[in-house]
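Engineer: Fold the following for me, if possible:
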Amino acid sequence: KQYQIIAGPACEAMAQRIQASEPARFTYHETSWDKFPDGTDRIVVGGFQPKNEIAGEHVLMLASFHDNDVTLSQFQVMVMLLMSFVESLTIVLPFY
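Structural biologist: Just a heads-up that it's a prediction; the model follows:
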């Protein structure tokens with residue numbers, strides 16, 4: 001299978017290593033994990049502009065739930081991905 005990779009902030013380096021190890025199988029889409037001045041999430045998920053490369057694809061989400069703030073932000077992205085007509089969504093929570 002070929003996978004589109006979305007990674008939480010703590011897993012971006014891992015996503016880049018995975019893509020570098022097998023570029024024909026994995027495509028990493030960088031995501032911007034910012035906040036608005038009032039503290040609400042300002043997340044721009046890669047792979048949707050200028051062309052939607054996520055819909056109909058297998059998606060690998062590398063996540064890290066090391067605190068509540070990032071957990072909720074990443075959960076929002078997971079829900080958004082599921083609403084984006086992906087073929088499958090695999091969540092990886094590395095523990096090391």
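Engineer: host element of Q76?
Structural biologist: helix 68-82 (DSSP states H and E).
Engineer: got the contact list for that helix?
Structural biologist: 6, 8-10, 31, 33, 41, 43, 45, 54, 59, 61, 63-65, 89, 91 (CB atoms under 8 Å, 6 or more residues apart in numbering). (Glycine included, C-beta is placed from N, CA and C.)
Engineer: mind saving the C-alpha coords of that helix as CSV?
Structural biologist: Provided in CSV are the C-alpha atoms of helix 68-82 (Å, rounded to 0.1, in the frame of the first residue of the first chain):
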residue,chain,number,x,y,z
ASN,A,68,-4.0,17.4,26.8
ASP,A,69,-3.5,20.4,24.6
VAL,A,70,-1.7,18.5,21.8
THR,A,71,-4.0,15.5,22.2
LEU,A,72,-7.1,17.5,21.6
SER,A,73,-5.4,19.3,18.6
GLN,A,74,-4.5,16.0,17.0
PHE,A,75,-7.9,14.5,17.8
GLN,A,76,-9.4,17.4,15.8
VAL,A,77,-7.2,16.5,12.8
MET,A,78,-8.1,12.8,13.0
VAL,A,79,-11.8,13.7,12.9
MET,A,80,-11.2,16.0,10.0
LEU,A,81,-9.3,13.3,8.1
LEU,A,82,-12.2,10.8,8.7
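Engineer: buried subset of the contacts of helix 68-82?
Structural biologist: Neighbour-count burial (16 or more other CB atoms under 10 Å) applied to those gives 6, 8, 10, 31, 33, 45, 54, 59, 61, 63-64, 89.
Engineer: Restricted to strands, list those residues.
Structural biologist: Using DSSP state E, 6, 33, 59, 61, 89 are the members of the buried ones among the contacts of helix 68-82 that sit in strands.
Engineer: Which members of these define the maximum pairwise distance?
Structural biologist: W33 and L89 (18.3 Å; CB to CB).
Engineer: ok, the residue lying closest to F85 once chain neighbours are set aside to V45 distance?
Structural biologist: Spatial nearest neighbour of F85, excluding adjacent residues (CB to CB, 6 or more residues apart in numbering): A55 at 4.6 Å. Taking CB to CB, to the nearest Å as the criterion, A55 is separated from V45 by 12 Å.
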